[in-house]
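In: need a structure here:
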Amino acid sequence: MTDFPWLTTIILFPIAASLLIPLLPNKNGMWERWYALIVGLIDFALIVYVFGSQYDFATPGLQLVEKYSWVPQLDLNWSVGVDGLSMPLVLLTGFMTTLATLAAWPVTFKPKLFYFLMLAMYGGQIAVFAVQDMLLFFLVWELELIPVYLLLSIWGGKKRLYAATKFILYTAGGSLFILVAALAMAFYGDTVTFDMSALAAKDYALNFQLLLYAAFLIAYGVKLPIFPLHTWLPDAHGEATAPVHMLLAGILLKMGGYALLRMNAGMLPDAHAVFAPALVILGVVNIVYAALTSFAQRNLKRKIAYSSISHMGFVLIGIASFTDLGLSGAVLQMVSHGLIGASLFFLVGATYDRTHTLMLDEMGGVGQRMKKIFAMWTTCSLASLALPGMSGFVAELMIFVGFATSDAYSSTFKVIVIFLAAVGVILTPIYLLSNLREIFYGPENKELVEHEALIDAEPREVFIVACLLVPIIGFGLYPKMLTQIYDSTTQQLTVRLRASVPTLAQPAVAKRNEPVVSLVAPTIGKP
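Out: Numbering: from 1, shown residues only. I've put the predicted structure just below:
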């Protein structure tokens, strides 16, 4: 069965299945939700089977490669494959989208369109992590935006059209930089190709690499999101429903981090050496600025949205660390935050369904009537503030130690970065625990209790949060379960990145010295 097109099947199956939804009977969404859930489970089972039987942890390169000619004159192909950078995120996508489908159980408004979009998005998200052709990557990156826009604009809150329009303008606008950079890379040199492996092997001039890197950084910085390209995210989360929250926090933000690793670091290592200090600084700004902003928010959704932006700052520091440990921590942080962020946003939705308010000033004391939701909120908040034994703690610790032990930066720069990042880490438990206090502790808000039925969590909601907590705690206690999937790939990438910094490379490689590195990035390249 090794010749079977597994990845193509995994990508196209939910998309093809979505086309049958209009044929289902009209039963107030009952058929659609069961159909979408079964399709999601089948596709996730396929992903797990392929991962268990076909994926080799020790192989750093691409596996399960499938390539079919599309436009031979331009060397355009349907080309897919996975390695250590993409396989964990493909697993996360299957897991998260299936749970998001279950979280969407109460949806009764336009159910056929809703579940059609959910399944179409399922295949599109996996395609982003699997395709190995730059033009195809651009196409699936763009197509994946359409379901999100519709899910926001049709099923969102009062300002849903504003939030959806801002989302599409930011993300589609950023995507233009991907297209321009992809075309520039494809036509550079003597051969025209969009194959990622061939593009990575081209010998680009450093100044050209810097332009490409800047274009990609803008495009992927919007999706990550990086300050100041982040403002669409609080608005989108502020108007989204629980399942869309889970997909935004659990998968979409990870596309930005994945693309930075795959293209910026993997394809343009010399430019990465120049931009690395800027990435570290942007990561620190993300951590501190978003933590302070989250602390000031009175809207529950926006508070958790800014918390997500803060946590993604650690990914930038890990990517720029030039160490195996830091890079491994960045991948672990992406998966960990996907799980933790999705759990918190799901609980925000569950709380809103009962209180019909997102303003913390209008809550208080609801823990007396919603004990299960209180317990789940507490556990997931502890995971988000990086409590030891949870995945967030391991990921952030790996990034801190990886950056602190990096020989690519001066000691002064490392001390300043670690101090500022630590300030963000200290702020996180302050705003998360104060969040719990304002929602659940203290005397009951009599007006809220009189007008709303504060019923406790139902079994479906407990099951969804439990499914998310199992890997959160599992990776926290035994992170090797996840890190062994990508260790060989990240180690290979680290060697490639270090070879681009003269003082880190072996003597034979150090002759590739580019003087602009020491001018643009004075903290890199010092003996």
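
In: can you give me the helices in the stretch 401-527 of the chain?
Out: Listed in chain order, the helices of the stretch 401-527 of the chain (DSSP state H, counting those that start in this stretch) span 411-440, 446-451, 459-477, 480-498, 507-510, 516-520.

In: Out of those, which gets nearest to residue 246?
Out: In terms of CB to CB, the element of the helices of the stretch 401-527 of the chain nearest to residue 246 is helix 459-477, at 8.8 Å. Placement of C-beta: from N, CA and C, glycine included.

In: Pull out the buried residues from that closest one.
Out: 461, 464, 465, 467, 468, 469, 471, 472, 475, 476 (16 or more other CB atoms under 10 Å).

In: Please name the residues that touch the fifth one.
Out: Residues near residue 468 by CB atoms under 8 Å, 6 or more residues apart in numbering: 99, 339, 340, 342, 343, 346, 380.

In: Now for the residue nearest to residue 363 when sequence neighbours are not counted, how many residues are close by?
Out: Closest residue to residue 363 in three dimensions, ignoring its sequence neighbours and counting by CB to CB, 6 or more residues apart in numbering: residue 439, at 4.8 Å. Using other CB atoms under 10 Å, residue 439 is surrounded by 22 other residues.

In: Next up, the contacts around residue 439.
Out: 300, 351, 360, 363, 364, 366, 367, 377 are the contacts of residue 439 under CB under 8 Å, 6+ apart.

In: Show me what the lengthiest strand in the chain pairs with in its sheet, parallel or antiparallel.
Out: Using DSSP state E, we find that the single longest strand of the chain is strand 63-71. With DSSP bridges as the test, strand 63-71 is paired with strand 76-82 (antiparallel).

In: relative to helix 480-498, how tilted is the partner strand?
Out: Strand 76-82 runs at 130 degrees relative to helix 480-498, counting by axes from the mean of the first three to the mean of the last three CA atoms, to 10 degrees.

In: Skipping adjacent residues, who's closest to the residue nearest to the spatial centre of the chain in space?
Out: Centroid-nearest residue in the chain: residue 254, 1.6 Å away (criterion: CA atoms, centre = their mean). Nearest non-adjacent residue to residue 254, counting by CB to CB, 6+ apart: residue 334, 4.8 Å away.

In: Residue 258 now?
Out: residue 89 (5.7 Å).

In: Find me the pLDDT at the closest residue to residue 121 other than its chain neighbours, would you?
Out: Among residues not flanking residue 121 along the chain, residue 147 sits closest, at 4.0 Å (CB to CB, 6+ apart). If you check residue 147, the pLDDT there is 92.

In: residue contacts, residue 147?
Out: Residue 147 neighbours (CB under 8 Å, 6+ apart): 117, 118, 120, 121, 124.

In: just those now: which is nearest residue 306?
Out: Taking the contacts of residue 147 together and measuring to residue 306 by CB to CB, the closest member is residue 121, at 24.5 Å.

In: burial measure for the residue nearest to residue 65 when sequence neighbours are not counted, as a count.
Out: Nearest residue to residue 65, sequence neighbours excluded (CB to CB, 6+ apart): residue 81, at 3.9 Å. When neighbours are counted by other CB under 10 Å, residue 81 registers 18.

In: so where's the chain shaky on pLDDT?
Out: 1-2, 74, 451, 505-527 (pLDDT under 70).

In: And the closest residue to residue 129 other than its chain neighbours, how far from residue 64?
Out: Distance criterion CB to CB, 6+ apart; nearest residue to residue 129, sequence neighbours excluded, is residue 86 at 4.3 Å. Separation of residue 86 from residue 64 (CB to CB, to the nearest Å): 10 Å.

In: Compare those two (neighbour count), which wins?
Out: residue 86 (26 against 21).

In: residue contacts, the more buried one?
Out: Residue 86 sits in contact with 129, 130, 258, 262, where contact means CB under 8 Å, 6+ apart.

In: Mind checking what helix or strand follows the host helix or strand of the third one in sequence?
Out: Going back to what we said before, that points to residue 258. In this structure, residue 258 sits in helix 253-259 according to DSSP states H and E. Sequence-wise, the next helix or strand downstream of helix 253-259 (DSSP H and E) is helix 266-267.
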